[in-house]
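Novice: This is a predicted model, with the sequence first.
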Amino acid sequence: MMTEEPGTAAAATADYSDYYNYAAEDEGSLCNESNTKVFSEVVLAVLYSTVFIIGLLGNTLVLWVLVRHRHRCSLTDVCVLSLAVSDLLFLASLPVWAHSAVHGWALGSFMCPTVSALFMMGLYSSVFFMVLMTLDRYVIIVYKHSICSRKRPAKMALALFVWMLSLFASLPDIVFAKVKEDTSNRASCGSEFPQGAAWMSFTYLNVLSLILPLIITSFCFCRILRIRSEERHSIVRLLLTVSVVYFLFWTPYNIVTFLMFLQTEGFMLTCEWFTDLSLAKQWVHAIALIHCCLNPIIYSCAGQKFRRAVLTVLKEQLPSSFSSPQSPKSTSSEYSSTLIT
């Protein structure tokens, strides 16, 4: 392993992979990461704190409204409720990431898998429920029935199955989560896979959270948009917005994670690549976490019935501040009806 610090700018960007056989993190120990640390200690702490406050208020409000109307929830509403829970899982980890960005990991080895579980389950459950909503709307519009029974226990059972699938997909990152220290004795939490096994997690991540969902949702929306139906416009517009926003905010994370996987396999072993990917990882991680506060904003902008339901709930708690809104009404079928739009 290389033990001396490079003394020139040329040495800082030289490719040593032809002369030394070591892992990407060893290459990283030779490089200057001052820009990455400044970004972590200043920008991430402020950003995470802001997202935590906005996301907690928004997703708690979504849960509040849907739980109060649980007796009339469709499968879409069950998925929206589950998406809010997914976002709250992300938010539960944000104070930890904010503290870790400034002071390094300080919660010990037990909490590292726990926080990793919150992050990975939030990721997989959010995309799985988004796909389930799209599939359900596709079946309703194209085949005129839902993929799930009208009875609430059937909807809850399907939601529970998706949560179990999310946990199963997250297991590799949870099992191999480990606290590591860099050359300055600064601790961090991350996944450390056995040699030759890392490809499994990165394959799961890219296939299950990006490639497969993109194929399924694209197919469904292409079929849906070919059918002219007046009752589909609002909910399809909402689902399309939710899907597009998800892919915009999570695709950079998948790409950078895949590039870092290639680095562990012996590619791009230069200080320039290591520094750029280290900084990029923190940027895309932050961008991905911002997503957890956006869904409530989308519901409020696109969902007329959701806005009315919110006003109804707020009026009950603060009667002097709100005028009486009209109760949400729907003339659509029970299959098509949803509290959000």
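Specialist: Looks like it arrived, so ask away.

Novice: make it CA atoms for all contacts and neighbour counts henceforth
Specialist: OK.

Novice: mind checking the SS state of the residue nearest to the spatial centre of the chain?
Specialist: By CA atoms, centre = their mean, the chain has its centre lying nearest to L123, at 3.8 Å. Put simply, L123 is helix when judged by DSSP: H, G, I helix; E, B strand; the rest coil.

Novice: Contacts only, for it.
Specialist: 86, 209 (CA atoms under 8 Å, 6 or more residues apart in numbering).

Novice: got a pLDDT number for it?
Specialist: At L123, the model reports a pLDDT of 90.

Novice: now the helices: where do they sit in the protein?
Specialist: 9-12, 24-28, 34-38, 45-68, 75-103, 108-143, 152-175, 198-206, 212-225, 233-264, 271-290, 295-302, 304-317 (DSSP state H).

Novice: Switch those helices over to TSV; also include distance to S188.
Specialist: Below are those laid out as TSV (distance: least, CA to CA, whole Å):
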stretch	distance to S188
helix 9-12	24
helix 24-28	13
helix 34-38	12
helix 45-68	15
helix 75-103	7
helix 108-143	9
helix 152-175	15
helix 198-206	18
helix 212-225	31
helix 233-264	16
helix 271-290	13
helix 295-302	29
helix 304-317	40
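
Novice: and the ones you listed, which is most packed in?
Specialist: Across the helices of the chain, the average number of neighbours (mean count of other CA atoms under 10 Å) peaks for helix 75-103, which reaches a mean of 22.

Novice: average pLDDT across that helix?
Specialist: Helix 75-103 carries an average pLDDT of 87.

Novice: any weak-confidence spans in the chain?
Specialist: Within the chain, the stretches with pLDDT under 70 are 1-41, 72, 149-150, 182-184, 198, 228-232, 303, 317-337, 341.

Novice: distance of the residue nearest to the centre of the chain from V65?
Specialist: From L123 over to V65 the distance is 23 Å, taken as CA to CA, to the nearest Å.

Novice: close enough to count as contact, A154 and L160?
Specialist: No. Using CA atoms under 8 Å, A154 is not in contact with L160; the gap is 9.8 Å.

Novice: ok, for M130, nearest residue in space, not its chain neighbours?
Specialist: S243 (6.9 Å; CA to CA, 6 or more residues apart in numbering).

Novice: do the same with G104
Specialist: Spatial nearest neighbour of G104, chain neighbours left out: A187 (5.2 Å); criterion: CA to CA, 6+ apart.

Novice: What's the local residue count around the one you found?
Specialist: Neighbours of A187 under the rule other CA atoms under 10 Å: 18.
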